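**Q** Quick one, structure for this:
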Amino acid sequence: MESTPGSPTAPVDPPAVPRTWRGRLHALVPTEGKLRGTWIHRLMGERVFDPRLWRFTQHAVASGLAVGIFTTMLPILGLHVPAAVAAAFAVRGNLPCALLTTLVANPFTLPFLLVAQVRLGHVICRYTGTNDYGELPWKLEKMLHAVKPLLIGSFLTAAVAAGLLYFGTHALWGFVEKRRFAPRPEEP
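**A** The predicted structure follows:
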């Protein structure tokens, strides 16, 4: 096409269409083209392109959120993200959702979470009578007295949070889908 004097030489772009929240979220999710050749691809191989890790389905999202919150509640400081990725790969849960839930344990919330887990562990140890360690060296007994309540409290809170998040996500997803596809009453 030849340009004549006074005519624009470049085509005019159509006005930007506002995207929905789903469209914006989908734009943030890494694609195969963005991941191919990266260190993640070299480390994990072709498994990183398993479509079940990237789809936003009811089961994948619920599984991803559940494994993400489970690993976040464990006292593995600095390893929450790798543990969430490994768990999402293991259960084929949604990887972005698993990573999103690791944000719960940030430097501002983690101290409060750990203190609550230790207190819960002490309560459970006191009521179950597992505070007696028998004949152990003094230092080992001191270490077990500090670590055991944290482990008990963290595994209990992690399991409860993961279960609630998994079943809550399933229920909320079903409720939203039912409302979305329900017949609308006719207006008078």
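**Q** got any ranges where this protein has weak pLDDT?
**A** Within the chain, the ranges that satisfy pLDDT under 70 run 1-19, 21-22, 25-26, 28-32, 129-142, 187-188.
**Q** Please enumerate the helices of it.
**A** Remark: helices of the chain, listed N- to C-terminal, are 21-28, 32-35, 39-44, 58-73, 80-91, 95-101, 110-128, 138-180; assignment by DSSP state H.
**Q** Ok, which of these comes nearest residue 186?
**A** Across those, the minimum distance to residue 186, taken as Cβ to Cβ, is reached by helix 138-180, at 17.3 Å. All C-beta atoms are positioned from the backbone trio N, CA, C, and that covers glycine.
**Q** tell me what the closest one is packed against?
**A** Under the contact criterion of 3 or more Cβ pairs under 8 Å, 6 or more residues apart in numbering; DSSP states H and E, the helices and strands touching helix 138-180 comprise helix 58-73, helix 110-128.
**Q** distance between the longest one and the chain's centre?
**A** Counting by Cα atoms, centre = their mean, to the nearest Å, helix 110-128 is centred 23 Å from the centre of its parent chain.
**Q** tell me the angle that helix makes with helix 80-91.
**A** Using axes from the mean of the first three to the mean of the last three Cα atoms, to 10 degrees, the interaxial angle of helix 110-128 with respect to helix 80-91 works out to 60 degrees.
**Q** Show me the contact partners of helix 110-128.
**A** Under the contact criterion Cβ atoms under 8 Å, 6 or more residues apart in numbering, helix 110-128 has outside partners 73, 75, 77, 105, 130-131, 148-154, 156-157.
**Q** re earlier: okay, the helices of the chain, which one's buried deepest?
**A** Per residue and on average, the most neighbours among these fall to helix 58-73, with a mean of 24 (mean count of other Cβ atoms under 10 Å).
**Q** elements contacting that one?
**A** Other helices and strands packing on helix 58-73, by 3+ Cβ pairs under 8 Å, 6+ apart, are helix 80-91, helix 95-101, helix 138-180.
**Q** In JSON lines, list those along with distance to residue 53.
**A** What follows is the helices and strands packed on helix 58-73, written out as JSON lines (distance: least, Cβ to Cβ, whole Å):
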{"stretch": "helix 80-91", "distance to residue 53": "7"}
{"stretch": "helix 95-101", "distance to residue 53": "5"}
{"stretch": "helix 138-180", "distance to residue 53": "17"}
